[in-house]
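1. 3D, please:
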Amino acid sequence: MKKFILSALVLGLFFAVPSHAASSWPERPVKLLTMTGPGAQIDLLTRAVAESLKNELGQPVLVSNMPGGSHGSVMATEVAHAKPDGYTLGTSATAAFTYSPFVTRTKYSPDDFTYLTLLGLNQSGIICAPDRPWKTLRDAFDWAKKEGKGLTYMFQGSDDRDAMRRIAAKEGVPLSLMPSTGGPSVISAVMGGHADLGHAGAILFDYVQGGKLKCLAATTPQRLTQLPEIPTLKEQGWDESVEMFIALVAPRNLPPNVRKRLDEAVAALAADKNLQAFIVEKLRMAPVKFGAQHAADYINTTADRIKAQTAGHN
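-> Below you'll find the model as predicted:
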């Protein structure tokens, strides 16, 4: 009888150890990958999130920069193929999950991730020089059709390039495309008259508010917080938007206890007033609804739309 009781106690301890270990996640530092190089807007957001997560999880959260690919596909590949134990997370523009898999040959699909939350909306719009006779992008295309002219457009990524291509084709206006090296190069080209139109992020706010540029359309799904009078592309008659949401993701198939702990951490991020102020006031991103369900709903809906728009691309 004593041997039976001793054996039962040993077995109980054997099975109790893994259970305790699982419930104590995380037991070591967490790696947080980001799609940009150091100092970029998404990198700054990632480091602020890492600090808040560190306080909530009680372990260091180490940021690792992994730029490259289509809209962060290099980083997304790393996350998708990481061990699903919660120790590898990533922050990226949502286009890495909803756009890149349908226009390039990525080594992952949108189903390979756990979408923990959206973090912010990186705002962007279509700009032109202040002396152009347009108030909206619709005005610009109507003018081009009336004058029998084409338009030149400087793009930043394949997503805004393709959206403008579809709009121009629908309007029957010739569109000359000019690649850029980022927001500052777009600003310079548009102000210098080298491009009729250009796509820029939050850098446009100071120029527009200072009267040096006009904003003709918000390219995001909602209006810009600092220029609320500017209509979106959809409001101007085109079912288009350029994804600029930033998401926090993990590999799929996380253990339930890890997923629960991360969901709790996301709730803490949403309640962190310092983090929220940094996102809105310092990074000039639009606030978003936090939470896994909202993130998954957005990813799934947007992926379906972009998949339809880009059918036959590959």
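2. dig out what F113 forms beta bridges with.
-> With DSSP bridges as the criterion, F113 is bridged to P251.
3. can you name the residues that contact it?
-> Residues counted as contacts of F113 (CB atoms under 8 Å, 6 or more residues apart in numbering) are 76, 79-80, 97, 249-252. Placement of C-beta: from N, CA and C, glycine included.
4. may I ask which helix or strand encompasses D139?
-> Using DSSP states H and E, D139 maps to helix 137-147.
5. mind listing what's buried along whatever helix or strand comes next after that helix?
-> Using DSSP H and E, the helix or strand that directly follows helix 137-147 along the chain is strand 151-155. The neighbour-count check on strand 151-155 (16 or more other CB atoms under 10 Å) flags 151-155 as buried.
6. flag the least confident of the residues you listed.
-> Minimum pLDDT for those is recorded at F155 (93).
7. and the gap between that residue and P60?
-> In this structure, F155 and P60 are 39 Å apart, going by CB to CB, to the nearest Å.
8. the residue nearest in space to the middle of the chain and S24: what is the separation?
-> Geometric centre of the chain, nearest residue: A93, 2.2 Å, by CA atoms, centre = their mean. A93 is 33 Å from S24, where distance means CB to CB.
9. confirm K307 sits in a helix?
-> Yes: when DSSP: H, G, I helix; E, B strand; the rest coil is applied, K307 is found to be in a helix.
10. which pLDDT value goes with it?
-> 90.
11. quick one: residues contacting the residue lying closest to I279 once chain neighbours are set aside.
-> Residue nearest to I279 in three dimensions, not counting chain neighbours: G120, with 4.7 Å by CB to CB, 6 or more residues apart in numbering. G120 makes contacts with 45, 245-246, 279-280, 283, 285-288, as judged by CB under 8 Å, 6+ apart.
12. need phi/psi at the closest residue in space to P287 that isn't next to it in sequence.
-> Nearest residue to P287 in three dimensions, chain neighbours excluded: V280, at 5.6 Å (CB to CB, 6+ apart). V280 adopts backbone torsions of phi -80, psi -40, taken as degrees, to the nearest 10.
13. got the domain boundaries for the chain?
-> For the chain, automatic domain parsing gives the domain ranges 31-122+244-309, 125-236.
14. mind showing which ranges of the protein have poor pLDDT?
-> 1-23, 312-314 (pLDDT under 70).
15. where along it do the helices fall?
-> 2-23, 41-57, 73-80, 95-98, 100-103, 137-147, 158-171, 183-191, 204-209, 256-271, 273-277, 292-309 (DSSP state H).
16. which of those is buried the deepest?
-> helix 95-98 (a mean of 28; mean count of other CB atoms under 10 Å).
17. which other helices and strands does that one contact?
-> Judged by 3 or more CB pairs under 8 Å, 6 or more residues apart in numbering; DSSP states H and E, helix 95-98 is in contact with helix 73-80, helix 292-309.
18. which one of those helices lies nearest to M178?
-> helix 292-309 (22.3 Å; CB to CB).
19. who are the packing partners of the closest one?
-> Packed next to helix 292-309, using 3+ CB pairs under 8 Å, 6+ apart, are helix 95-98, helix 100-103, strand 113-121, strand 245-251.
20. how far does the second one sit from its chain's centre?
-> Yep, that's helix 100-103 we're talking about. With CA atoms, centre = their mean, to the nearest Å as the basis, helix 100-103 stands 15 Å off its chain's centre.
21. what does it rub up against?
-> 69-73, 76, 106, 108-110, 158, 162, 303, 306-307, 310, 313-314.
22. output that helix in CSV with nothing but the alpha carbons.
-> What follows is helix 100-103 as a C-alpha-only set of coordinates in CSV (Å, rounded to 0.1, in the frame of the first residue of the first chain):
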residue,chain,number,x,y,z
SER,A,100,1.8,40.3,-50.3
PRO,A,101,0.6,36.7,-50.3
PHE,A,102,-1.6,37.5,-53.4
VAL,A,103,0.9,39.5,-55.5
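23. okay, now the residue nearest to N253 when sequence neighbours are not counted: neighbour count?
-> With sequence-adjacent residues excluded and distances taken as CB to CB, 6+ apart, N253 is closest to P84, at 4.7 Å. P84 sits with 19 neighbouring residues when counted by other CB atoms under 10 Å.
24. now do T136
-> T136 has 17 nearby residues by other CB under 10 Å.
25. cool, thanks, signing off.
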